[in-house]
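J.: predicted model and sequence below, questions to follow.
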Amino acid sequence: MTARYAMLAGVFGMLIVPPLFASSYVMHLVIQILLWGFVYTAWSMMGRFGLVSLGHGAFMGVGAYVPALLWNYYGVTPWLGIPLGMALSVLLGIAIGYPCFRLKVVGHYFALVTLALSQIVLLSVTAARDITGGSLGLTQNAAGFSWFALQFPDKRYFYAIALALWLGGLAAWHAIDRGIGRQVLEAVSEDEEAAAAIGIDVMREKLRVTTISAALTALGGAIFGQYLMYLNPETVSGIAVSLQIVFAAIVGGMYAMLGPTAGALLTISLNEGLRVAFATNFIGAANTIYGILLILCIIFMPRGILGVVERLTLRRVRSKSQRII
Amino acid sequence: MDIYLVEAIVNGVLLGGVLALLALGLNLIFGVIDVVWIAYADVVMCGMYALYWLYVGLGWPLWLACVIAIVGLAGFGALIHLLIIEPILKTAPINQLLATGGLLFFLQSFATLLFGTDFRNIGVRLPIIEIGDVYISYARLLAFAIALIGAIALYVFLRRTFIGTAIRAIAQDRDIIGLMGADQRRIYLITSMIGGALAGLAACLLALQYDVHPFIGNTFGPLIFMICVLGGLGNMIGGFVAAFVISQIIAIGGYYSITELSYVLAFTLFIVLMFLRPRGILSR
């Protein structure tokens, strides 16, 4: 029970302390870390079971654009638009996932098929430039402070929303981790035929994590759009975002609950730190270091930073699945 | 028939040649080492910058710059294999894809660091040929011809030489090859070098037609993976056919509609074909 109280106190502290003391700039960074951490966590729900998707840019893009377009053109509240975007993402996820799982499209083929999906969303958004603004981006119609439009000029509201999302994401991760599904999916990622032979409904389990992952990623994209009040196809969709999601989750460690969040923390602070250190003299310096870090990370610690920490502190590894990463 | 449609089709065929060359290099690495170099298009980008730097920056003759770009990228291919792929060759294939993804980030941002995000052109202006009423760019025609020659040379190399035979054999059965007296490590290294050299050749041909910028790989990179997979692993003729199918879809789609939608069509077709013919369009 004391652990539970400590956790509650920790959450309460996180809710109260930063808005009281942090500057607007720090708040902006923390909100970004929480939102990206949420998206990375959602990705790792699939990634840790060997479903390495490069298509999460597609889910994020759909999740972000659907509510923004509905709001701008029809004045539909994001309270309706966001669930619609999530539903569309799930539909997309199942439309790709079902045939992939049925026909056993795995490994790099799965990665390439999902990569094609995220390019399709990116290019469709760019092509529909009359509606979406194309690569110039899209700005939501401003409504000032409004619960109806889910727009808050005050960062503290988005901080609370981001924190709630992030905690919700961790809870979902935990539920999958503790549920029967985890053993099932680990068995599947190790030997699919053997798992099917002992009576596991492989298809249902895979579709279940795909659905959850796609829905949460879309939700993350939507809140990101509401927060920034600006959408650009390149920043919410396509190969660049998809790879960014995959890598941050891997660097942080996708087998640990806080791994993807650690990835978000690391990549965003690295980016900001280098931006401050070099100013604009070295555009690209951050990603140069990031790229090297990624290569080294995959070669020397494929379980990510938190994977190493976990191994050092616990001296035991709960998941024996070594096949993927 | 509409003259512009004819022009679109002709340009599609010419574009297909260079895409085929790129898919060939990727297919070789994919088929032989069973690795996806997700940064392959960015290796090509490096070649284009090397050419730009040697020809425009240092003022070397164009042919020498081309030769150095090709040889340099062959060496770069070997380096990629030794430093990135070999240490993780025994782990899950997806790890190798992701490690070269790290290389993609590195190359793109390193190019940004060195050259900035400006579009740069080597400034070689080749004439436009007029056949009937159809205008064809000489650069594209040249690129098509050289791509074709490169592909045929590769085919002959794989068919007629010992090392070529060993490369084809290893793609069929990688466990037994050691017994046949071929060194697997060496073959992987040579394959990576050939892949790099093909990227270099493609870079020279692309630099004649397009401006180079750090993110040019993102525009045609996904396309060549699609072509490579559509053609079927290790199936060179399949890859060739797939390159022309995809380039025709883009060219004709771009004629009837806007370019982005023709790309959407190509990617959608890729996904559908992946489900209908997972072993490639020419498979039985």
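T.: Noted; the coordinates are in hand.
J.: secondary structure class for B:Ile38?
T.: Classification of B:Ile38 using DSSP: H, G, I helix; E, B strand; the rest coil returns coil.
J.: surely it is in contact with B:Leu97?
T.: Yes. Counting by Cβ atoms under 8 Å, B:Ile38 does reach B:Leu97; the two are 5.5 Å apart. To be clear about C-beta, it is placed using only N, CA and C from the backbone, and glycine gets the same treatment.
J.: quick one, which of these two is more surrounded?
T.: The residue with more neighbours, out of B:Ile38 and B:Leu97, is B:Ile38; 28 against 22, by other Cβ atoms under 10 Å in any protein chain shown.
J.: can you give me the distance of the spatially most central residue of chain A to A:Met27?
T.: With distances taken as Cα atoms, centre = their mean, the residue of chain A nearest its centroid is A:Val39 (1.7 Å). Distance check for A:Val39 against A:Met27: by Cβ to Cβ, to the nearest Å, it reads 19 Å.
J.: and residue 21, how many residues sit next to it?
T.: This is for chain A. Look at A:Phe21: counted by other Cβ under 10 Å, it has 9 neighbours.
J.: actually it's chain B I care about, not the one you picked
T.: 29.
J.: please name the nearest non-neighbouring residue to it.
T.: B:Ala147 (4.1 Å; Cβ to Cβ, 6 or more residues apart in numbering or on different chains).
J.: quick check: that neighbour touching B:Leu15?
T.: No. Judged on Cβ under 8 Å, B:Ala147 makes no contact with B:Leu15 at a distance of 10.0 Å.
J.: report pLDDT for the residue nearest to B:Leu21.
T.: At B:Ala147, the model reports a pLDDT of 84.
J.: which stretches of the chain have low pLDDT?
T.: Chain wasn't specified; assuming chain A. By pLDDT under 70, the weakly predicted segments of chain A are A:1, A:181, A:198-200, A:279-284, A:314-325.
J.: I was after chain B.
T.: In chain B (pLDDT under 70), the answer is B:1, B:234, B:281-284.
J.: where do the helices sit along it?
T.: Per DSSP state H, chain B carries helices over the ranges B:3-33, B:40-52, B:62-80, B:93-115, B:138-160, B:162-172, B:184-209, B:216-231, B:236-256, B:259-276.
J.: out of those, which one sits most buried?
T.: Sort the helices of chain B by mean neighbour count, taking mean count of other Cβ atoms under 10 Å in any protein chain shown, and helix B:40-52 sits at the top with a mean of 26.
J.: can you show me the CA trace of that helix as PDB?
T.: Extracted in PDB, the C-alpha atoms of helix B:40-52 (Å, rounded to 0.1, in the frame of the first residue of the first chain):
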ATOM      1  CA  TYR B  40      20.300   3.500 -49.600                       C
ATOM      2  CA  ALA B  41      18.700   6.600 -51.100                       C
ATOM      3  CA  ASP B  42      20.800   8.700 -48.800                       C
ATOM      4  CA  VAL B  43      24.000   6.900 -49.900                       C
ATOM      5  CA  VAL B  44      23.000   8.000 -53.400                       C
ATOM      6  CA  MET B  45      22.500  11.600 -52.000                       C
ATOM      7  CA  CYS B  46      26.100  11.400 -50.700                       C
ATOM      8  CA  GLY B  47      27.300  10.500 -54.200                       C
ATOM      9  CA  MET B  48      25.400  13.400 -55.700                       C
ATOM     10  CA  TYR B  49      27.100  15.800 -53.200                       C
ATOM     11  CA  ALA B  50      30.500  14.300 -53.800                       C
ATOM     12  CA  LEU B  51      30.000  14.900 -57.500                       C
ATOM     13  CA  TYR B  52      28.800  18.400 -56.900                       C
END
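J.: quick one: is it near chain A?
T.: No. Counting by Cβ under 8 Å from any Cβ of the partner chain, no contacts exist between helix B:40-52 and chain A, the nearest distance being 10.2 Å.
J.: if we ignore the residues flanking it in sequence, what's nearest the one residue in the stretch 101-250 of chain A that gets nearest to chain B?
T.: Closest residue of the stretch 101-250 of chain A to chain B, Cβ to the nearest Cβ: A:Ala127 (3.6 Å). Leaving aside its chain neighbours, A:Ala127 sits nearest to B:Glu260 (3.6 Å; criterion: Cβ to Cβ, 6+ apart).
J.: hmm, A:Met254 and A:Ala262 touching each other?
T.: No. Under the criterion of Cβ under 8 Å, A:Ala262 is not in contact with A:Met254, lying 10.4 Å apart.
J.: brilliant, that's me finished.
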